[in-house]
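Enquirer: below are the sequence and a predicted model; questions follow.
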Amino acid sequence: MNSTRTRRALGAGSAAVVAALAVGTAALPAHAADHQLKIFVAGSYQLSTEPVAQPQWGENVFMNVGRTGTGPVDGVKLTLDVSGLDNVATLSAKGSCTTAGKTITCDIGRLDHDKINITGNLWLSALPGTKPGASGTVHATLSAPGAQNGTADFRVDVGAAVFRTKAPSENKDVKVGSKLPAALEFANHGALPAKRAIVDVYLTPGLKVDTWPSNCEYAFDKGDWGNKGFGQPMPTTHAICAIDGEIAPGQAVKLAGLDLGIGSQAYYDIAGYSVFAAEDAYGNDGADLRKRLSFQHGTGAPATLVKSTGEGIPAGLDVNGYSTEQEVVADNGADFEATGAWAPGASGAAGTFTVGMGSRGPASIFDRSGGEAAPNVVVQFPEGVTVTDLPATCKANDYVHGQKSDKPLNKFACEGIGSSFMPTGATVAHKLGLKLPAGTGALTATVSLQNEQSEFQDGHPSAVMPWDHNPANDLVKVTLRGGPSDGGTGAPAPTGTGTPATKPTTAAPSATTPAGGNGTGSASPTAAAGSTGNGGGSTGSQAAGGSLASTGSSATLPLAATGAAAVVLGAAGVVTARRFRARRNG
């Protein structure tokens, strides 16, 4: 993978799903008495001393609302008391919001979500002439008849220290076993000095830190974060580093004393960085991570900040400017293998065909662009063979070069290992019931690995999997007469430390089994088995802006046309909604 990859990730500050609340008009039963309403908002927002007008439908206060329990809550209203902003800032709102004196009221209507963004486009701006250091507070209340109110306060700081980061260059062709310095450079774009920098770090499985600095805390995440409901869960490492030292307005610094090790699972990996001057600043996920994960203190020499020229750091303030990524492309690969096996019954005329794929590693593959992966396993049966039992994870694939055939092709596409993350050692298997035609002639089934690109070409081996340096076993043939048979090339795995994939001849129907740890050290957990199809899930307690909630195919496109878009077979087009934060291009 040496080409520029498609950037389709959500921006860091806009990770909350942009959706409209459905205001119901039907007389459906509500369960308001059982509900606790909640507001999710950052603890503080930092503003420039210069007034900034609201762009059309823009927002710089990212607020989510939700309810506990099941069923909808009707008549929900959000009230914002802005009297605490006198002589400091203004808060304006659009959409369903109205302003009367010092109170903004937003008509939410029916609320039937655990967490969803409001549609009021809240916008903060400093008042003309406000001095740096001025601060005010907004009090928010979410209410509905019969439900328990949710409340939250957020602070507005004018001219306070606020950081903007530089987007580092991609590190290409990095050797496994080598080390890279963490590439985080940022500047204080506020009007006041910062007393410290709080740096949040996350690492994908191929990256590790042998010894974390003593002013960092780190924790291992088994994989729910950022990937819940989309293929294999991706284990990550999180760290929170508090680095003391004054950073003057306009001063640029870079992180020193944190080295990234390139582990055996590395191929395309990310070190993500977010940096803040305040614990409760918008975007800081630290409080949520501490609630969810078990952190331990580093024991190495403390990380420091050293002065830099600031070249390449964008000017001005940006609500998402606190976050950046370091992309690492290792000189590594993963051997993907198609598998198939025929187990006839007593008569020999019927039996079970197991189709699947495995990753022999050594790399774990994070295919961020979504178009180069091998999400599908395609099996072509000869004419006369009848599929008597087709699992829900497999669909008929009657398409050639993206066009539907005028007759059935006896070809089927089944889910692969996953959509965006495919750990080394993972396997998947699907069991199909078959009935063979009468006679003694040779019958051979062909199993191949396909993706969304190969469907529009000539199929395997045109599927683009740049990490797979052994394409010979991406297509196997399985004999369907003369007793049990196992399709496979027997080709050796490439050199590396990955765990060989087990042939899925005895796997349970539609079983997906990842193997291997997360590449972040001996204390890291083993990746857990993941869901392969039902879409996204809530990240639990994480709030908008990283604050805690306050109480109160090949066959991708053709299968979508047949109604299979909700399963992983069509996930290459939708999994980008769950990507990690994207590197900014400006």
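Expert: Yep, it's here.

Enquirer: ok, residue 405 to residue 280 distance?
Expert: Distance of residue 405 to residue 280, given as C-beta to C-beta, to the nearest Å: 59 Å. (Glycine included, C-beta is placed from N, CA and C.)

Enquirer: cool, and residue 469?
Expert: 48 Å.

Enquirer: so if I had to pick from the two, which one is more boxed in?
Expert: Remark: of residue 469 and residue 280, residue 280 carries more neighbours, 18 against 12, as counted by other C-beta atoms under 10 Å.

Enquirer: where does that one fall, phi/psi-wise?
Expert: Per-residue torsions, residue 280: phi -100, psi 20 (degrees, to the nearest 10).

Enquirer: ditto for the one 10 residues further on
Expert: Here the main-chain torsion angles of residue 290 (degrees, to the nearest 10) amount to phi -60, psi -30.

Enquirer: next one: the one 3 residues further on
Expert: Comment: the main-chain dihedrals of residue 293 come out as phi -120, psi 160, following degrees, to the nearest 10.

Enquirer: that one: neighbour count?
Expert: 17.

Enquirer: that one and residue 251, how far apart?
Expert: Applying C-beta to C-beta, the value for residue 293 to residue 251 is 32 Å.

Enquirer: please apply the same query to residue 133.
Expert: Using C-beta to C-beta, we find residue 133 at a distance of 18 Å from residue 251.

Enquirer: same question for residue 379.
Expert: Residue 379 is 61 Å from residue 251, by C-beta to C-beta.

Enquirer: which one's more surrounded, the two?
Expert: Shown here are residue 379 and residue 251; by other C-beta under 10 Å, residue 379 has more neighbours (25 against 16).

Enquirer: host element of the more buried one?
Expert: Applying DSSP states H and E as the criterion places residue 379 in strand 376-380.

Enquirer: please look at residue 166 and residue 323 and confirm they touch.
Expert: No: applying C-beta atoms under 8 Å as the test, residue 166 and residue 323 come out as separate, 11.4 Å apart.

Enquirer: hmm, back to that, list the buried residues of the next helix or strand after the strand holding residue 379.
Expert: Past strand 376-380, further along toward the C-terminus, the next helix or strand under DSSP H and E is strand 386-389. Within strand 386-389, the residues that count as buried by 16 or more other C-beta atoms under 10 Å are residue 387.

Enquirer: run the chain-centre distance for strand 386-389.
Expert: Distance, stretch centre to chain centre, for strand 386-389: 37 Å (C-alpha atoms, centre = their mean, to the nearest Å).

Enquirer: do the same with stretch 433-448
Expert: 41 Å.

Enquirer: got the end-to-end distance for it?
Expert: 19 Å (C-alpha to C-alpha, to the nearest Å).

Enquirer: what does it rub up against?
Expert: Residues outside stretch 433-448 that contact it (C-beta atoms under 8 Å, 6 or more residues apart in numbering): 338-340, 342, 348-353, 355, 377-382, 384-390, 459-460, 474-481, 487.

Enquirer: stretch 295-315 too?
Expert: Here stretch 295-315 makes contact (C-beta under 8 Å, 6+ apart) with 164-167, 185-187, 189, 197, 199, 211-219, 239-241, 243, 245, 247, 251-258, 289, 321, 586.

Enquirer: just the buried ones from these, in PyMOL syntax?
Expert: Buried residues among the contacts of stretch 295-315 (16+ other C-beta under 10 Å), as a PyMOL selection:
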select buried, resi 164+165+166+167+185+186+187+189+197+199+212+213+215+216+217+218+219+239+240+241+243+247+251+252+253+254+255+256+257+258+289+321
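
Enquirer: keep only those of the contacts of stretch 295-315 that are in helices.
Expert: Using DSSP state H, the subset of these located in helices is residue 289.

Enquirer: where strands are concerned, which of the contacts of stretch 295-315 count?
Expert: Counted as lying in strands by DSSP state E, out of the contacts of stretch 295-315, are 164-165, 185-187, 197, 199, 216-219, 239-241, 243, 245, 247, 252-256.

Enquirer: the helix or strand hosting residue 80 pairs with which strands, and in what direction?
Expert: When elements are assigned from DSSP H and E, residue 80 belongs to strand 73-81. Strand 73-81 sits in its sheet next to strand 103-111 (antiparallel), strand 135-143 (antiparallel), going by DSSP bridges.

Enquirer: stretch 174-193 spans what distance, first to last residue?
Expert: 37 Å.

Enquirer: in that stretch, what counts as buried?
Expert: 174, 176, 182-192.

Enquirer: how about stretch 373-383?
Expert: Buried-residue list, stretch 373-383, by 16+ other C-beta under 10 Å: 373, 374, 375, 376, 377, 378, 379, 380, 381.

Enquirer: how far off centre is it?
Expert: For stretch 373-383, the distance to the chain centre is 27 Å (C-alpha atoms, centre = their mean).

Enquirer: ok, stretch 191-201 next?
Expert: 26 Å.

Enquirer: report the rounded mean pLDDT for that stretch.
Expert: What stretch 191-201 shows for mean pLDDT is 97.

Enquirer: isn't residue 234 right up against residue 202?
Expert: No: using C-beta under 8 Å, residue 234 is not in contact with residue 202, being 10.4 Å away.

Enquirer: more neighbours: which of the two?
Expert: residue 234 (27 against 22).

Enquirer: for the more buried one, give its distance to residue 423.
Expert: The gap separating residue 234 from residue 423 is 8 Å, by C-beta to C-beta.

Enquirer: now do residue 333
Expert: For residue 333 relative to residue 423 (C-beta to C-beta), the value is 14 Å.

Enquirer: those two: which has the busier surroundings?
Expert: Using other C-beta under 10 Å as the criterion, residue 333 and residue 423 rank with residue 423 on top: 33 against 23.

Enquirer: neighbours of the closest residue to residue 170 other than its chain neighbours, how many?
Expert: Excluding the flanking residues, the one nearest residue 170 by C-beta to C-beta, 6 or more residues apart in numbering is residue 327, at 4.4 Å. Residue crowding around residue 327 was assessed by other C-beta under 10 Å; the count is 20.

Enquirer: only C-alpha atoms, please: export the helix or strand hosting residue 327 in PDB.
Expert: Assigned by DSSP H and E, residue 327 belongs to strand 323-330. Output in PDB follows, covering the C-alpha atoms of strand 323-330 (Å, rounded to 0.1, in the frame of the first residue of the first chain):
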ATOM      1  CA  SER A 323      -6.400  16.500  16.800                       C
ATOM      2  CA  THR A 324      -4.000  14.900  14.300                       C
ATOM      3  CA  GLU A 325      -2.600  11.600  13.300                       C
ATOM      4  CA  GLN A 326       0.700  10.000  12.400                       C
ATOM      5  CA  GLU A 327       0.300   7.300   9.700                       C
ATOM      6  CA  VAL A 328       2.700   4.400   9.600                       C
ATOM      7  CA  VAL A 329       3.000   2.100   6.700                       C
ATOM      8  CA  ALA A 330       5.200  -0.900   7.500                       C
END
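
Enquirer: right, and the helix or strand after that strand?
Expert: That would be, after strand 323-330 and using DSSP H and E, strand 334-344.

Enquirer: so that next one versus strand 376-380, what angle?
Expert: 40 degrees (axes from the mean of the first three to the mean of the last three C-alpha atoms, to 10 degrees).

Enquirer: give the buried residues for strand 334-344.
Expert: By neighbour count with 16+ other C-beta under 10 Å, strand 334-344 contains the buried residues 334, 335, 336, 337, 338, 339, 340, 341, 342, 343, 344.
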